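> here's a sequence, model it:
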Amino acid sequence: MGRHMHIVVVDSSRVVLKMVAGLLEPRGHRVDTFTDSREALAFVTDTASVDALITSLETRPIGGFELCWSARLLAEDRRPLYIIAMSSTDNARNLSEALDSGADDFLSKPPVAEELNARLRAAQRLTTLQRELIRLAETDSLTGLLNRGAFMHRLGDAARRFGPQNKLALVSLDLDFFKKINDGQGHAVGDAAIRATGEVLAEVAREHKGFAGRVGGEEFSLALPGMRGMEASDVASSLRGKISEIRVRGRSGPVKFTASLGVGEWSDGETVEGLLKRADLALYDAKANGRDRVMTAFSDVYVSRVG
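Here you go, the predicted model:
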């Protein structure tokens, strides 16, 4: 039946939950069941791997129609989520109201195995397509990193999660004298330099549980959730060294290049815009002080590192 799904099932009856789970789990799906619709919504909100919600319309404390609507709002926020409403009263009013409330499909309760699995096959087709469209919309085609819009969205999420702990750092990175590479070696070599930089950034992001984006032509950003400024400065220094070791094939031999980096640290009362500005100012300072170096901004104090 294709890719296994992560499915949340909500019903006030434990008997119904056990029965539905018994139809789904033997097919390899991961199933989480809830009698409390508020707990279910919180779980779906916090668990990005959930790609299907099957809910009775008779749920408490949040009613089934409202639960469908709240889940649909989540699905509009850059994530695939297929919503199936279940009702023991299979009438036209329930069906139309469930669909108007954001459900993708409707099942009579208790569901029949053949019908349930047919609905889920449709869910798999749609969520697979949605996931690929989201990936294409959020990805920079040259490097495979997040594009600017997707990076800013992720940074906003990280700020909400890690900002209250004052544990979020941002690295702004710009390749030095990149126009000389494009003008002297051609755009194909320039593109190779961009791709190679993206590969190094992706590797560093994975290693430190962060995420990276290409936010301009030769401009990149690396977010480091859960990390303070000094630790992020160490990561940036290592990244600077790795970029200086890159070699790409040029017209008359290997081409090397360097990068300037600025590090900003989240502080009390911070905003995403303030963090971005501080990292960018540190980057500009790195450029002004000779390039191929890291500048770290702690509030209005700058620390320079070379090598």
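
> so what's Arg247 up against?
Applying CB atoms under 8 Å, 6 or more residues apart in numbering, we find Arg247 in contact with 254-256. All C-beta spots, glycine's among them, are computed from the backbone N, C-alpha and C.

> could I get these in JSON lines, plus columns for distance to Gly64?
What follows is the contacts of Arg247, written out as JSON lines (distance: CB to CB, whole Å):
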{"residue": "Pro254", "distance to Gly64": "63"}
{"residue": "Val255", "distance to Gly64": "61"}
{"residue": "Lys256", "distance to Gly64": "61"}
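
> and the strands in the chain?
Under the criterion DSSP state E, the chain contains strands at 6-10, 30-34, 52-56, 82-87, 105-108, 168-175, 211-214, 219-225, 248-250, 253-255, 259-265, 294-298, 301-305.

> could you export the ones you listed as CSV, including mean neighbour count and distance to Val189?
Formatted as CSV, the strands of the chain follow (neighbours: other CB atoms under 10 Å; distance: least, CB to CB, whole Å):
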stretch, mean neighbour count, distance to Val189
strand 6-10, 23, 44
strand 30-34, 17, 46
strand 52-56, 27, 46
strand 82-87, 24, 45
strand 105-108, 18, 51
strand 168-175, 26, 12
strand 211-214, 26, 17
strand 219-225, 24, 18
strand 248-250, 16, 5
strand 253-255, 12, 6
strand 259-265, 27, 16
strand 294-298, 25, 26
strand 301-305, 13, 29
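
> closest one of the contacts of Arg247 to Leu283?
Of all these, Leu283 sits closest to Lys256, with 20.5 Å by CB to CB.

> walk me through the domains of this protein.
Per automatic domain parsing, the structural domains of the chain span 6-138, 148-305.

> start to end distance for the first one?
The reference is to domain 6-138. Using CA to CA, to the nearest Å, the end-to-end distance of domain 6-138 comes to 23 Å.

> now do that domain: distance to the chain's middle.
Chain-centre distance of domain 6-138: 22 Å, with CA atoms, centre = their mean, to the nearest Å.

> the last one too?
Domain 148-305 sits 18 Å away from the centroid of its parent chain (CA atoms, centre = their mean).

> follow-up on the earlier one: check the strands of the chain for me: which has the lowest mean pLDDT.
Of all the strands of the chain, strand 301-305 carries the lowest average pLDDT, namely a mean of 55.

> the nearest residue to Gly217 once chain neighbours are set aside: what's it in contact with?
Once flanking residues are discounted, Gly217 sits nearest to Phe178: 7.4 Å by CB to CB, 6 or more residues apart in numbering. Contacts were defined as CB under 8 Å, 6+ apart; by that measure Phe178 touches 190, 193, 217-218, 257.

> so which pair among the residues you listed is furthest apart in space?
Maximum pairwise distance among the contacts of Phe178 (CB to CB): 13.8 Å, between Gly217 and Phe257.

> who has more neighbours, those two?
Between Gly217 and Phe257, counted using other CB atoms under 10 Å, the more crowded position is Phe257 (21 against 13).

> that one touches Asn182, doesn't it?
No: checked against CB atoms under 8 Å, the pair Phe257 and Asn182 is beyond contact range at 11.1 Å.

> mutual contacts of these two, please.
Counting by CB under 8 Å, 6+ apart, Phe257 and Asn182 have no shared contacts at all.

> so where's the stretch 1-150 of the chain shaky on pLDDT?
1-2, 77, 90-92 (pLDDT under 70).

> I'd like to know which of the contacts of Arg247 is nearest to Gly229.
Lys256 (28.9 Å).

> while we're on the closest one, how confident is the model there?
Looking at Lys256, its pLDDT reads 96.

> for it, what are its contacts?
Applying CB under 8 Å, 6+ apart, the residues near Lys256 are 244, 246-247.

> same check, this time on Lys209
Applying CB under 8 Å, 6+ apart, the residues near Lys209 are 225-226.

> against Gly184, how distant is the residue of the chain most remote from its centre?
Among residues of the chain, the one most distant from the C-alpha centroid is Ser252; the distance is 40.2 Å, by CA atoms, centre = their mean. Distance check for Ser252 against Gly184: by CB to CB, to the nearest Å, it reads 10 Å.

> find the nearest non-adjacent residue to the residue most central in space within the chain, please.
The chain has Arg154 as the residue nearest its centroid, 5.4 Å off, counting by CA atoms, centre = their mean. Nearest residue to Arg154 in three dimensions, chain neighbours excluded: Phe211, at 5.5 Å (CB to CB, 6+ apart).
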